[in-house]
Every structure is written in structure tokens, then in C-alpha cells.
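A.B. asks: sequence and computational prediction follow.
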Amino acid sequence: MRFVCLVALVLALLDPLQVLSADKLPKVAFVRGGSAACKESIFSEAFVNGLRALGHVPERTLTVERMCYGSEDEMRSVLRQAVAGRVDVIVVGAPAPAIIARTITGQIPIVCASCGDPLDNGLVASLARPAVTSPGWPVSPPNLSASGSRSSRR
């Protein structure tokens, strides 16, 4: 659910009840490794169901483009297609596609489902000033544990 909330933050300016014309719908690229069957995977369905739970209706309030890759070359190609298709946010599930997406675009927000510590994997140079389009990650980095975040509020 945290993962879907991150995408919801990126789409927060949208009115989920507003009906937009098909060419003006915000586009979310859901990029995942695996065969073409990954478009119908439990992860893809869970993502779309999470968006529905937040009030979004696919093809009415936003478009979800489910994109799959098998090799690193296919990953680069799929991410280039997403950028060329003018998506509004790219959602990936691992550090490798997030890093590659970051090299392809500096304008489109990138949400990573399980990238671990963004400092360790090179996604950001600093948590204080990430200076990239990655708006967040659903799993707290080790240095931002619950006790650490509580003490930083004081």
C-alpha cells in the first residue's frame, strides 16, 4: 500500500472524479521485468487495484501503461518508449530500471517500489537534497528507522 501511496502523491494534483478526455489523461508507466505475461501479473493488478482504492478509475481518470522487459537492452528500450510516450510518472520495482530511467529522463518522476536505500544504490546523492525526479521510496532506508525519524522531529 505504501507503494501505491507514493504514486498517489505524484498524482495528488488530479481530481480523481474529474473525467478527462482520453488524450489528456495522466499516464503512468508501470515497468516490470518478466515476459509479456507480466502485464497481467499479480503485481500489476495489485497496483491498479490500489489506484482504484484511492479513487482513480483506469481509462477515466488516468491511463496505466503496463510495460515489460526481459533483458537489460529491452529494459532500456521500454524505458525510452515510456519517455517518448510522454508518461507523467514511471513506476519501477527495482534499482536497475530506476537508475536507467534516471539517465534517460530528468523530467519525469520515477517511483521505485523496492529500491532499498537510495544512497547505497546510487539513486540519490543526499536524502536532504536528492536533486532527482525520484519522489520517494516505500521502504524506509536503514538510517531512517522509526526511532530515528521520531528523534529527528524533536
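C.D. replies: Sure, I can see it.
A.B. asks: tally of neighbours for residue 69?
C.D. replies: By other CB atoms under 10 Å, 21 other residues sit near residue 69. Quick note: C-beta positions are derived from backbone N, CA and C, even for glycine.
A.B. asks: end-to-end on stretch 64-81?
C.D. replies: Length of stretch 64-81, first residue to last, CA to CA, to the nearest Å: 14 Å.
A.B. asks: buried set for it?
C.D. replies: When burial is assessed from 16 or more other CB atoms under 10 Å, stretch 64-81 yields the following buried residues: 64-69, 75-76, 78-79.
A.B. asks: now stretch 84-91
C.D. replies: 87-91.
A.B. asks: on that earlier part again, what about the buried residues of stretch 64-81, which are in strands?
C.D. replies: 64-69 (DSSP state E).
A.B. asks: in JSON lines: those residues, plus distance to residue 33.
C.D. replies: JSON lines is the format used below for these (distance: CB to CB, whole Å):
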{"residue": "64", "distance to residue 33": "17"}
{"residue": "65", "distance to residue 33": "16"}
{"residue": "66", "distance to residue 33": "12"}
{"residue": "67", "distance to residue 33": "10"}
{"residue": "68", "distance to residue 33": "7"}
{"residue": "69", "distance to residue 33": "6"}
